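1. need a structure here:
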Amino acid sequence: MKIAVVAANGRVAKKVIMEALNRGHEVVAFGRHDENNTLAKTYVKKDILDLTKEDLHGFDAVVDAFGTWAPESMGLHMTTSQHLADILSGTDTRLLLVGGAGSLFVDKEHKVQLVDTSDFPDDYKPVATGMGKALAELRKRNDVKWTYISPAAEFQADGERTGKYILAGEEFTLNSKNESIISYADYAIALVDEIEKGEHIQQRISVVRA
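-> Now for the predicted structure:
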């Protein structure tokens, strides 16, 4: 498959690129910096908001790995994802988004999100809210083949690659050890699995270490 990874120099993006390349897929990395810090042989220097339909034409999937912690930039989670949705609108190209855990529901009625609970860390609330708003806007769209993938609450940059994960849905899910944890490497496995299988179009899914 031909896969584009946007915001490719981020740590999650680099794991996704490595996983996809190891499976024999063709990967083109897009980033706003001069240097290519990924394993992708093809790198295009371009900001997300400058990408066009022509840039992403012919790809089977586009991975949106954008993320920011800067308080003044939280709106960019929604702005960038909507821009990608706009330029992929009406095509067969899938849009897979590296999401957050804060928007996962903690009740069966889907009224209360993890970010709304008393134990949720204050430091993470702005980014969780920004990413949650991006998901809310995506839910309004049926013109693009999007999939939003939430990691577990503890998202480990340097965690081990176990090769196993639990695929869950909209609700906050714990594993058999009562943990909500996953490594970037195992998350990348789940994301590339989703690219290959294409089973959750216009849905949010979540993953946790098995």
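
2. got the end-to-end distance for stretch 29-42?
-> Terminal residues of stretch 29-42 are spaced 6 Å apart (CA to CA, to the nearest Å).

3. next, the buried residues of that stretch.
-> Within stretch 29-42, the residues that count as buried by 16 or more other CB atoms under 10 Å are 29-31, 36, 38, 40. For the C-beta atoms, the positions are set from N, CA and C on the backbone; glycine is no exception.

4. identify the residues contacting Gly75.
-> Counting by CB atoms under 8 Å, 6 or more residues apart in numbering, Gly75 makes contact with 130, 133.

5. what about it, distance to Glu109?
-> Going from Gly75 to Glu109 by CB to CB, to the nearest Å gives 29 Å.

6. what residue lies at the spatial centre of this protein?
-> Val98 (0.9 Å; CA atoms, centre = their mean).

7. that one pairs with what?
-> Ile149 (DSSP bridges).

8. where does it land on pLDDT?
-> Note on Val98: pLDDT of 98.

9. likewise Ser73?
-> pLDDT, Ser73: 89.

10. let's number from 190 now, not from 1
-> Yes, from this point I'll number from 190; that puts the last item at Ser262.

11. what about it, distance to His389?
-> Counting by CB to CB, the gap from Ser262 to His389 is 28 Å.

12. more crowded one of those two?
-> Legend: neighbour count by other CB atoms under 10 Å for Ser262 and His389, higher for His389 (18 against 15).

13. strands of the chain, start to end?
-> For the chain, strands defined by DSSP state E occupy the ranges 191-195, 215-220, 231-234, 250-253, 283-287, 334-339, 343-345, 354-357, 370-372, 392-398.

14. which one of these is the most hemmed in?
-> Of the strands of the chain, the one with the most neighbours on average (mean count of other CB atoms under 10 Å) is strand 250-253, at a mean of 27.
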